[in-house]
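Q: okay, here's the prediction I keep looking at, along with the sequence it came from:
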Amino acid sequence: MFFRKKKEAKTVESYEHVTAILEAGCEFEGKLSFQGTARIAGKFKGEILASDTLIVGEGARIIANIEVNSIIITGEVVGDVVAKEKVEIYAPAIFKGNIKTPSLYIEEGVHYEGSTKMEKQKEPHLLADDGKAIPRTTAKTA
């Protein structure tokens, strides 16, 4: 019999700078954009666009299309998510929508309804001595 150690969710405390917080009991409707890490524990409806990390806390309810670098979900999200780096979903999360990301982790016990499209991250080009990109087909490594 095999046992798998449960992956521990990153908490807000594991991030140095939380730049935006919507706490439990708060509601917001509209468009949210931010830099750094944002945490939502309340209710949000609208659109979220950011180049960094979004944490959806347990008890949160989000109805939105979301485009971020990475997202960690333990609450409820209804909508489409596009994450450039990764999506992590931990129990007791509820997710209803579509996900597009190169890296996806879903913990056992999560309620997930939707589809997933996983694409590889674009690999950086190698640079020649003059600083110009070398196409992958002709690049040679030492």
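A: Received the coordinates, thanks. Residues are numbered from 1 along each chain as shown.
Q: can you show me the strands along the chain?
A: Ranges of strands within the chain are 18-22, 27-34, 37-40, 43-50, 53-56, 61-73, 76-78, 81-89, 94-100, 104-106, 111-117, 126-127, 133-134, based on DSSP state E.
Q: can you lay out those as JSON lines showing mean neighbour count and mean pLDDT?
A: Any C-beta I mention is one placed from the backbone N, CA and C, and that applies to glycine too. As requested, these are exported to JSON lines (neighbours: other C-beta atoms under 10 Å; pLDDT from 0 to 100):
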{"stretch": "strand 18-22", "mean neighbour count": "16", "mean pLDDT": "80"}
{"stretch": "strand 27-34", "mean neighbour count": "13", "mean pLDDT": "94"}
{"stretch": "strand 37-40", "mean neighbour count": "23", "mean pLDDT": "94"}
{"stretch": "strand 43-50", "mean neighbour count": "18", "mean pLDDT": "96"}
{"stretch": "strand 53-56", "mean neighbour count": "25", "mean pLDDT": "96"}
{"stretch": "strand 61-73", "mean neighbour count": "21", "mean pLDDT": "97"}
{"stretch": "strand 76-78", "mean neighbour count": "21", "mean pLDDT": "98"}
{"stretch": "strand 81-89", "mean neighbour count": "20", "mean pLDDT": "97"}
{"stretch": "strand 94-100", "mean neighbour count": "18", "mean pLDDT": "98"}
{"stretch": "strand 104-106", "mean neighbour count": "16", "mean pLDDT": "96"}
{"stretch": "strand 111-117", "mean neighbour count": "12", "mean pLDDT": "96"}
{"stretch": "strand 126-127", "mean neighbour count": "12", "mean pLDDT": "58"}
{"stretch": "strand 133-134", "mean neighbour count": "12", "mean pLDDT": "57"}
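Q: quick one: contacts for the most centrally placed residue in the chain?
A: By C-alpha atoms, centre = their mean, the chain has its centre lying nearest to I71, at 2.0 Å. Applying C-beta atoms under 8 Å, 6 or more residues apart in numbering, we find I71 in contact with T53, L54, I55, V56, V81, A83, K86, V87, E88.
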